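Trainee: Quick one: sequence and predicted model below, then my questions.
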Amino acid sequence: MKAVLITGANKGIGFETAKQLAQLGYFIYMGARDEMRGHKAVQKLNDNGINNVESVVIDVTDRNSVHQARQILEAKTGSLDILINNAGIGGELPQDLTSCDLSNLRKIFDTNFFGAIQTTQEFLPLLRKAEGASVINISSEVGSLAALSTLEDSERNRFHAYGLSKSALNAFTIMLANELRDSHITVNSVTPGHTATDLNQFKGTKTVEQGAATIVKAVTMSHPGSAKFYKDGGEARW
């Protein structure tokens, strides 16, 4: 049974991704910053007959927390097949880069960008011990430079700081994939699309089931390649 760690898995897309992958036979370590919320998320799945899940406390912004989570998984499983860097925050509005509060920008980057890098670095030794391992960074099309450069003014969203963190995350995906090109570890970004979660005050046009399905498809692809940016229906533009 392949082992998967999903950060930010106690709610939203992370929770639904855990549910769908568990139903496919993966063993899911559901990462959550808060221990009680993590346990409640696992219990919710247990109540629905899904038992191949376990909670693990991990705050991706806290180096000690990430290190402790790695030690726990190492003792339990010895290796990790899939790391899904899902934990993320939308940040406060407004986010216009001409005037946004830099403390808000730093907070967004601390979770969405530095948190993903910190977690990946910590778990790489476990990923190296698995066969055909993968790192999946949950991104967004608002981080696509190609998409942003062709949008009409009426289409431009105001989550600029959030989008900037996802552009940086995409760059990390490509660079890490290049560094690991001679290994058995693939590295890709996935955008679940405009999904209704608390990150956007549930104003998205897709359900969490639909958004998570895009991630699950990327996980279960026979030949996912590396340094790719996947979306529902194919590849997204960087």
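Mentor: Nice, thanks for sending it over.
Trainee: Which helix or strand lies directly C-terminal to the lowest-mean-pLDDT helix or strand in the chain?
Mentor: None of the helices or strands of the chain scores lower by mean pLDDT, DSSP states H and E than helix 145-148, at a mean of 87. Following helix 145-148 in sequence order, the next helix or strand is helix 160-179 (DSSP states H and E).
Trainee: Show me what that following helix is packed up against.
Mentor: Using 3 or more CB pairs under 8 Å, 6 or more residues apart in numbering; DSSP states H and E, the elements in contact with helix 160-179 are helix 102-109, helix 115-128, strand 134-138, strand 186-190. C-betas here are computed from N, CA, C, even on glycine.
Trainee: I'd like to know which of the ones you listed lies nearest to L24.
Mentor: Nearest to L24 among the helices and strands packed on helix 160-179 is strand 134-138 (14.9 Å), distances taken as CB to CB.
Trainee: contacting residues around the residue sitting nearest the centre point of the chain?
Mentor: For the chain, the residue nearest the mean C-alpha position is N86 (2.0 Å; CA atoms, centre = their mean). Neighbour list for N86: I6, T7, G8, A9, I13, G14, T17, I138, I215 [criterion: CB atoms under 8 Å, 6 or more residues apart in numbering].
Trainee: Of these, which belong to helices?
Mentor: Under the assignment DSSP state H, the contacts of N86 contribute I13, G14, T17, I215 to helices.
Trainee: The second one and L93, how far apart?
Mentor: Put plainly, it is G14. Applying CB to CB, to the nearest Å, the value for G14 to L93 is 22 Å.
Trainee: out of those two, which sits in the busier spot?
Mentor: A direct count of neighbours by other CB atoms under 10 Å for G14 and L93 places G14 higher, at 26 against 13.
Trainee: Show the model's pLDDT score for the more buried one.
Mentor: What the model reports as pLDDT for G14 is 97.
Trainee: mind showing which ranges of the protein have poor pLDDT?
Mentor: Counting by pLDDT under 70, the ranges of the chain that qualify are 151-157, 196, 198, 200-205.
Trainee: let's see 90
Mentor: 93-97, 99-100, 147-159, 193-208, 222-224, 233 (pLDDT under 90).
Trainee: Specify the beta-bridge partners of the residue lying closest to A116 once chain neighbours are set aside.
Mentor: Excluding its sequence neighbours, the residue lying closest to A116 (CB to CB, 6 or more residues apart in numbering) is N85, at 4.0 Å. Per DSSP bridges, the residues bridged to N85 are N137.
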